[in-house]
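Asker: Curious how this folds, go ahead:
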Amino acid sequence: MQVIELWRYPVKSLQGERCDAVEVGAEGIVGDRAWALFDTATGFGLTARRVPDLLFAAARTTGGRPDVVLPDGTVTSDDAVLSDWVGRPVELRPASYPGPRTYENPADLETESRWNPFSGADGAFHDNANSRITLLSTGSTGSWAPRRFRANVLLEGSGEDALVGQRVRLGTTVLDVSARVPRCVMTTRPQPGGVGRDTGVLKSIHRERDGMLSVGAMPSTGGRIAVGDELQAW
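Answerer: Model prediction:
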């Protein structure tokens, strides 16, 4: 399988940056999920599970506090402007911010009338501690837009599920593929570029793939991954 797309998401649940090459460290792709928006009234971290409009803004890496591009084209990193847009008081916090990181999942996928809290991983703002980099193949996405699944590495080909438990090399980076990735309501959310709301996506993933799509990996050796790199497994 060959790398055909690389994605970094500087702010959790916002649109990210498509990259020609990325650097990888202990937390995954450098700059990935390095920031998140937190509701200062409730203490919850915001995700597009709870606030679908987040997917219509994009984040850009600046070397410090990221720029957020709002749907109307406004570029900002100001909490007051972001609060006005989201419609609640929020802070853009770095992964180094001390304190709990609790998010919400819908308990009822059909009506989303009830929500359950869950704790995310330490370090970069990933949901799962064993998935710092996600790998997804075109064979798994089929007719679905790959961007629905917000993977870091999109591979041409198929068979990423068989990599679980193996060590792989991409470019100069070595990854331990740890687990298949469970999917949530975010896969059904609309996104820019004509990706519409589709509740059938998650239903199909549960029916046909036990609720899993893509695999998560932990960096064993940092390095560089570039578009065109071939995946080597052993």
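
Asker: List the buried residues of stretch 211-229.
Answerer: Buried residues in stretch 211-229, defined by neighbour count with 16 or more other C-beta atoms under 10 Å: 212, 213, 214, 215, 216, 217, 218, 219, 223, 225, 227, 229. Using the backbone N, CA and C atoms, a C-beta is placed for each residue, glycine as well.

Asker: Quick check: the first one vs residue 129, distance?
Answerer: Going back to what we said before, that points to residue 212. Residue 212 sits 17 Å away from residue 129, taking C-beta to C-beta, to the nearest Å as the criterion.

Asker: So residue 203: helix, strand or coil?
Answerer: Reducing the assignment at residue 203 to three states with DSSP: H, G, I helix; E, B strand; the rest coil gives helix.

Asker: Without its sequence neighbours, what residue ends up closest to the residue most central in space within the chain?
Answerer: Of all residues in the chain, the one closest to the mean position by C-alpha atoms, centre = their mean is residue 150, 4.7 Å from it. Nearest non-adjacent residue to residue 150, counting by C-beta to C-beta, 6 or more residues apart in numbering: residue 9, 6.6 Å away.

Asker: Count the neighbours of that neighbour for me.
Answerer: Other residues within reach of residue 9, judged by other C-beta atoms under 10 Å, total 23.

Asker: And the pLDDT for the residue nearest to the centre of the chain?
Answerer: Per-residue confidence for residue 150 comes out at a pLDDT of 96.

Asker: Thought residue 16 was touching it, still the case?
Answerer: Yes: the criterion here is C-beta atoms under 8 Å, and residue 150 meets it with residue 16 at 7.5 Å.

Asker: need the contact list for the residue nearest to the centre of the chain.
Answerer: Listed by C-beta atoms under 8 Å, 6 or more residues apart in numbering, the contact set of residue 150 reads 7, 9, 16, 134, 186.
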